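J.: Using only what follows, build the 3D model:
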Amino acid sequence: MGILDKFKSNRSAQDKAKKASDTAEKKINKRTRGKHEGQVDAGQRQAEKRFGLHRDRGRHDQA
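T.: Predicted coordinates for the structure are as follows:
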């Protein structure tokens with residue numbers, strides 16, 4: 001069992017990773033003033049996919 005397998009089975013770690021991913025996305029978009037929002041979102045989706053962090057992308061939890 002690899003480290004990513006352990007991560008994928010740990011719900012608490014996944015929740016923390018999702019929160020960190022959202023925070024990073026918000027900070028990057030703030031720094032770039034939303035200029036690269038599409039690329040940032042695509043990168044975040046790709047990273048979450050590779051880590052097995054699937055979520056409903058129909059809604060954004062950005063406040």
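J.: Go through the protein and flag its longest helix.
T.: helix 11-31 (DSSP state H).
J.: how far is that one from where the chain is centred?
T.: With Cα atoms, centre = their mean, to the nearest Å as the basis, helix 11-31 stands 5 Å off its chain's centre.
J.: What are the contacting residues of the following helix or strand past it?
T.: Following helix 11-31 in sequence order, the next helix or strand is helix 37-50 (DSSP states H and E). Residues from elsewhere that reach helix 37-50 (Cβ atoms under 8 Å, 6 or more residues apart in numbering): K18, S21, A24, E25, I28, N29, T32, H54, R55, R57. (Glycine included, C-beta is placed from N, CA and C.)
J.: List buried residues within the residues you listed.
T.: K18, S21, E25, I28, N29 (16 or more other Cβ atoms under 10 Å).
J.: which residues does the spatially most central residue of the chain contact?
T.: The residue lying closest to the centre of the chain (Cα atoms, centre = their mean) is S21, at 3.6 Å. Counting by Cβ under 8 Å, 6+ apart, S21 makes contact with Q44, A47, E48, L53.
J.: buried subset of those?
T.: Buried among the contacts of S21 (16+ other Cβ under 10 Å): Q44, E48, L53.
J.: and of these, the nearest to Q14?
T.: L53 (5.8 Å; Cβ to Cβ).
J.: Out of the helices and strands in the protein, which is least certain?
T.: helix 3-9 (a mean of 68; mean pLDDT, DSSP states H and E).
J.: quick revisit: quick check, nearest of the buried ones among the contacts of S21 to R11?
T.: L53 (11.0 Å).
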